[in-house]
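Student: my questions concern the predicted model and sequence given below.
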There are 2 protein chains.
Amino acid sequence: MVTKQFNGSLDEADLTRADSLAREIFSDIANKWALLIIESLGERTLRFSEVRAGIEGISHKMLTQNLRMLERNGLVDRTVHATVPPKVEYTLTESGQALRVTIDGMCDWTHTYLGHIEESRRRFDG
Amino acid sequence: MVTKQFNGSLDEADLTRADSLAREIFSDIANKWALLIIESLGERTLRFSEVRAGIEGISHKMLTQNLRMLERNGLVDRTVHATVPPKVEYTLTESGQALRVTIDGMCDWTHTYLGHIEESRRRFDG
DNA sequence: CCGTATCCCAGTGGATACTG
DNA sequence: CAGTATCCACTGGGATACGG
């Protein structure tokens, strides 16, 4: 980008691009299944079927779709073992681990405020 | 719950209930719009229309719906000023603030790994 | 076992209009 | 200005089947 040679910082077009990219990534990742998959993988390496078993209610399709998305964004590594039957393993990358830490925070939050939330719901619903 | 008097910990039924509740809360909150609303509110108090202006692409309906949900779960306070025209203000509660901290973490993460992600996508798509 | 493709329905969410 | 309701297009996501 030509304007960069005139100043060290990003120009407006770059900022816009970076923002919209950030927003796109956020939209990819800020969904229930993606977060649950990351949380479920944790520090382990799991097979497709094991991830599936660990997440109640996720369909085959949603799991595939989200794992692909996470792989594309570099959050999980996918290893195919050329055996019969095939065996495919998933594991979090460094960036995946980094995100997991923040998701752990969300989970902790949920448990910390469970009581508050239940009570708030009762008040609201009544 | 009767069994509680026999031991200090939660019985199985309670655990199941707490888990499914936690899961339900997680499903409520782990969606793009809810997270963006919380992040956008930050430490400020904003009117409905101001929140809307701050979040590109959110529809009137989605904003209302998510604000209601957040209010119900006790993450935002809603104050109606009985003026003409009406003025409704939203602000994060203590629990909302606590969750915001973890969402800030996700945003930081996004910006930290922006480069990694872009490159990973290029590799994947090619 | 894992992945992709196809079909199909239910529910999400946008647009619009009306109320307080 | 904010909320609710109605309508409807659309797609998200489940079920299923087949391929590697």
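Tutor: Alright, I've got the coordinates. Residues are numbered from 1 along each chain as shown, chains lettered A, B, ... in the order given.

Student: which strand or helix spans A:E89?
Tutor: Using DSSP states H and E, A:E89 maps to strand A:87-92.

Student: tell me which residues of the helix or strand just after that strand are tucked away?
Tutor: As assigned by DSSP H and E, the chain's next helix or strand after strand A:87-92 is helix A:94-112. Within helix A:94-112, the residues scored as buried using 16 or more other CB atoms under 10 Å in any protein chain shown are A:95-96, A:98-100, A:102-103, A:105-106, A:109-110. For the C-beta atoms, the positions are set from N, CA and C on the backbone; glycine is no exception.

Student: specify the local secondary structure of A:A34.
Tutor: Here A:A34 is helix, with the state taken from DSSP: H, G, I helix; E, B strand; the rest coil.

Student: can you tell me the SS state at the residue nearest to it when sequence neighbours are not counted?
Tutor: Excluding the flanking residues, the one nearest A:A34 by CB to CB, 6 or more residues apart in numbering or on different chains is A:N66, at 5.1 Å. Three-state call for A:N66 (three-state DSSP): helix.

Student: show me what the least confident helix or strand in chain A by mean pLDDT is packed against.
Tutor: Within chain A, no helix or strand scores below helix A:12-29, which has a mean of 82 by mean pLDDT, DSSP states H and E. On a contact count with 3 or more CB pairs under 8 Å, 6 or more residues apart in numbering or on different chains; DSSP states H and E, helix A:12-29 meets helix B:32-41, helix B:94-112, helix B:114-125.

Student: quick one: work out the angle between that helix and helix B:114-125.
Tutor: In terms of direction (axes from the mean of the first three to the mean of the last three CA atoms, to 10 degrees), helix A:12-29 departs from helix B:114-125 by 70 degrees.

Student: what's near enough to touch A:Q97?
Tutor: With contact taken as CB atoms under 8 Å, 6 or more residues apart in numbering or on different chains, A:Q97 is in contact with A:E43.

Student: just to revisit the earlier point, which one of the helices and strands packed on helix A:12-29 lies nearest to A:R122?
Tutor: Among these, the nearest to A:R122 by CB to CB is helix B:94-112 (15.2 Å).

Student: next, the angle helix B:114-125 makes with the closest one.
Tutor: Here helix B:94-112 runs at an angle of 60 degrees relative to helix B:114-125 (the same axes, to 10 degrees).

Student: what mean pLDDT does helix B:94-112 have?
Tutor: Here helix B:94-112 scores 96 as its mean pLDDT.

Student: re the thing from before, for the residue nearest to A:A34, which residues are in contact?
Tutor: A:N66 sits next to A:31, A:33-34, A:37 when contact means CB under 8 Å, 6+ apart.

Student: can you do 6 Å?
Tutor: A:33-34, A:37 (CB atoms under 6 Å, 6 or more residues apart in numbering or on different chains).

Student: most neighbours of all those residues, which one?
Tutor: A:I37 (27 neighbours; other CB atoms under 10 Å in any protein chain shown).

Student: what pLDDT does that residue get?
Tutor: At A:I37, the model reports a pLDDT of 97.

Student: show me which residues of chain A sit near chain B.
Tutor: Contact residues (CB under 6 Å from any CB of the partner chain) of chain A with chain B: A:22, A:25-27, A:30, A:32, A:35, A:72-74, A:95, A:98-99, A:102, A:105-106, A:109-110, A:113, A:116-117, A:120-121, A:124.

Student: before we move on, back to that, hmm, the least confident helix or strand of chain A touching DNA strand D?
Tutor: No: for helix A:12-29, no contact with DNA strand D is found by CB under 7 Å from any atom of the strand; the gap never falls below 10.9 Å.

Student: up against DNA strand C, what does chain A have?
Tutor: A:47-49, A:60-61, A:64, A:67-68, A:78, A:85-88.

Student: now those: which count as buried?
Tutor: Buried among the residues of chain A next to DNA strand C (16+ other CB under 10 Å): A:48, A:67.

Student: ok so, going back, okay if I get the helices and strands packed on helix A:12-29 as JSON lines plus distance to A:T16?
Tutor: Listed next are the helices and strands packed on helix A:12-29 as JSON lines, based on distance: least, CB to CB, whole Å:
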{"stretch": "helix B:32-41", "distance to A:T16": "18"}
{"stretch": "helix B:94-112", "distance to A:T16": "15"}
{"stretch": "helix B:114-125", "distance to A:T16": "14"}
